[in-house]
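**Q** Structure for this input, please:
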Amino acid sequence: MMKIAYFDMFSGVSGDMILGALVDCGVPPELLRETVAILGLKGVKIEVWRSEAHGIAAARVKVESHEHHPHRSLSSIQEMIGRSTLAGEVKETALKIFQRLGEAEATVHGVDLEKIHFHEVGAADSIADIVGAAAGFHFLEIKKYYASAFRVGTGFVEFSHGRLPEPVPATVKLIEGCPVEKTSVEAELTTPTGAAIVSTLVKKEDFVPERDLTFITVGYGQGSRTLQDRPNLLRLFIGEQDTTGELCPTTVVMECNIDDMNPEFFEYLMDQLFQAGAYDVFFTPVQMKKNRPGIMLRILTDEEKLQSMARIVLTESTTIGIRYHKVSRITLVRKTVEVDTPWGKFQVKIVALPDGTCRMKPEYESLREAARKSGVPLLEIAARLDSFLEKNPPR
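**A** Here you go, the predicted model:
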């Protein structure tokens, strides 16, 4: 089983709401204080207390800072995190969040990423929010993240740049491509810090999940504002997900029969389909009407790519029609990593098996290239690499 987190953002999300929800889910407040101390942030104090909103018990976390909101650069924040003694995974998560935030700010202000200076989010309290969240999720051993749609307010809010429309431009950029619900609440519901954390941790396809998740803990983090029409809370579910395999997005099988096409052209058709994102393409010999030999073309792809795949088939083959149907798939979690060996660099696919172990398989193209360059038989290269990976398994 794999531990997962689900952000239920019915009242938006902010850094302090995330910290509060983490504490309510079991993260010790002292861990947040230790994280701030490790970063060397001076004059920062973290207060934690029990609260409630609209009758719902919650945790409230307030990060107080006595510094006057310095305009820190992205590089200075990266250096601060990089030189700290925080766990490697905590550093990696925090740096990804700040990188995403920096890219959004640079785009909004029309400057190079290297020249961007954070304003509100460069302050000690915002750094504590982001790195504290990374530390909290690391403590809970979360490996996968899901979320509801972002909720945003209306009206205007005051920022260092002046009076800005809600949601502010940086937040708009950060939640681009994610599901968003516009409310009539005249307040900032989703802050840049909250948007940066959630949009970094949650992949776009994992918003509003339609899959079965088993929840074991729920925590509520309260925001600083009081809203009249709803509790100003972030609800965070902590649960488990079976790692036997991942349920995939809706998939379709497309197929057609072809009996009047030059066989030399099938390779080009296959290449075009793979380049367009097909999961699989294969040809099956069939005996068609009037006892003519032909080829059945089958394509496995996401439903959203149905039209683009159909255009390729109808343009690059002689068929005059395509049939398709939806199917369900479960796939093992996998990733491809680059491994340095005495014989060069190889691409290796790592597949997570249901029992928690992993299976490793070098990519054929890497083996073929190494054999060509070295003159060593491909079978020997493969045997050497298998032995190397067994003694030096990649992570």
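**Q** make it CA atoms for all contacts and neighbour counts henceforth
**A** Noted.
**Q** What's the end-to-end length of stretch 346-364?
**A** Distance across stretch 346-364, first residue to last, is 9 Å (C-alpha to C-alpha, to the nearest Å).
**Q** List the buried residues for that stretch?
**A** Across stretch 346-364, burial judged by 16 or more other C-alpha atoms under 10 Å covers 346-352, 360, 362.
**Q** same question, stretch 77-89
**A** By 16+ other C-alpha under 10 Å, the buried positions in stretch 77-89 come out as 77-78, 81-82, 86.
**Q** same deal with stretch 171-183?
**A** Quick answer for stretch 171-183 (16+ other C-alpha under 10 Å): 171-175, 178.
**Q** for stretch 33-50, same thing?
**A** In terms of neighbour count (16+ other C-alpha under 10 Å), stretch 33-50 has its buried residues at 33, 35-37, 39, 41, 44-46.
**Q** okay, who's weakest in those by pLDDT?
**A** Within the buried residues of stretch 33-50, pLDDT reaches its minimum at L41, with 86.
**Q** Can you give me the distance of that one to P263?
**A** Taking C-alpha to C-alpha, one finds L41 at 68 Å from P263.
**Q** related to what we said a few turns ago, take the buried residues of stretch 33-50 and lay them out in CSV including distance to L189 and secondary structure.
**A** Output for those, formatted as CSV (distance: C-alpha to C-alpha, whole Å; DSSP: H, G, I helix; E, B strand; the rest coil):
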residue, distance to L189, secondary structure
R33, 26, helix
T35, 26, helix
V36, 25, helix
A37, 29, helix
L39, 28, helix
L41, 27, coil
V44, 24, strand
K45, 24, strand
I46, 22, strand
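**Q** any idea which of the buried residues of stretch 171-183 is the one closest to S65?
**A** Using C-alpha to C-alpha, the shortest approach to S65 within the buried residues of stretch 171-183 belongs to T171, at 23.1 Å.
**Q** didn't the closest one look like it was pressed against L189?
**A** No. Using C-alpha atoms under 8 Å as the test, T171 is too far from L189 to be in contact (10.4 Å).
**Q** Where does the prediction get shaky in the chain?
**A** Applying pLDDT under 70 to the chain picks out residues 68-70, 115-122, 159-161, 209-212, 242-249, 395.
**Q** Name the residue closest to the centre of it, please.
**A** In the chain, the centroid-proximal residue (C-alpha atoms, centre = their mean) is K203; its distance is 3.0 Å.
**Q** Contacts only, for that residue.
**A** If you count contacts by C-alpha atoms under 8 Å, 6 or more residues apart in numbering, K203 has them with 145-146.
**Q** give me that answer again for 7 Å
**A** For K203, no contacting residues are found, by C-alpha atoms under 7 Å, 6 or more residues apart in numbering.
**Q** do R50 as well
**A** Residues near R50 by C-alpha under 7 Å, 6+ apart: 58-60.
**Q** Out of these, which sit inside strands?
**A** Secondary structure from DSSP state E places 58-60 of the contacts of R50 in strands.
**Q** Using PyMOL, make a named selection holding only the buried ones among the residues you listed.
**A** Here is the PyMOL command that selects the buried residues among the ones in strands among the contacts of R50 (16+ other C-alpha under 10 Å):
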select buried, resi 58+59+60
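**Q** from the ones in strands among the contacts of R50, which single one is nearest T217?
**A** A58 (13.4 Å).
**Q** E188 versus that closest one, what's the distance?
**A** 20 Å.
**Q** likewise L367?
**A** For L367, the distance to E188 - C-alpha to C-alpha - is 54 Å.
**Q** Those two: which has the busier surroundings?
**A** E188 (24 against 21; other C-alpha atoms under 10 Å).
**Q** give the contact list for E79.
**A** E79 touches nothing, counting by C-alpha under 7 Å, 6+ apart.
**Q** Ramachandran angles for T154?
**A** When read as degrees, to the nearest 10, the backbone of T154 gives phi -140, psi 180.
**Q** Test my guess that it contacts A187.
**A** Yes. Using C-alpha atoms under 7 Å, T154 makes contact with A187 at a distance of 6.3 Å.
**Q** longest helix anywhere in the chain?
**A** If you go by DSSP state H, the chain has its longest helix at helix 88-109.
**Q** Please name every helix or strand in contact with that one.
**A** Packing contacts for helix 88-109, counted by 3 or more C-alpha pairs under 7 Å, 6 or more residues apart in numbering; DSSP states H and E, involve helix 74-82, helix 124-139, helix 169-174, helix 192-201.
**Q** how does it look with 6 Å?
**A** Applying 3 or more C-alpha pairs under 6 Å, 6 or more residues apart in numbering; DSSP states H and E, we find helix 88-109 packed against helix 124-139, helix 169-174, helix 192-201.
**Q** need these in JSON lines with distance to G20, can you?
**A** Below are the helices and strands packed on helix 88-109 laid out as JSON lines (distance: least, C-alpha to C-alpha, whole Å):
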{"stretch": "helix 124-139", "distance to G20": "10"}
{"stretch": "helix 169-174", "distance to G20": "21"}
{"stretch": "helix 192-201", "distance to G20": "12"}
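**Q** Which among the ones you listed is found nearest to T341?
**A** helix 124-139 (30.8 Å).
**Q** any idea how far the most far-flung residue of the chain relative to its centre is from E267?
**A** Centroid-distance maximum for the chain: K290 at 52.4 Å, with C-alpha atoms, centre = their mean. Separation of K290 from E267 (C-alpha to C-alpha): 26 Å.
**Q** With respect to A149, which of the buried residues of stretch 171-183 is nearest?
**A** C178 (7.2 Å).
**Q** Number of residues surrounding the closest residue in space to that closest one that isn't next to it in sequence?
**A** Spatial nearest neighbour of C178, chain neighbours left out: K204 (6.0 Å); criterion: C-alpha to C-alpha, 6 or more residues apart in numbering. Counted with other C-alpha under 10 Å, residues neighbouring K204 total 16.
**Q** mind checking how far K204 is from G177?
**A** Counting by C-alpha to C-alpha, the gap from K204 to G177 is 7 Å.
**Q** circling back: among the buried residues of stretch 171-183, which one sits closest to G239?
**A** C178 (22.4 Å).
**Q** Surely that closest one is within a strand?
**A** No. Under DSSP: H, G, I helix; E, B strand; the rest coil, C178 falls outside any strand and is assigned coil.
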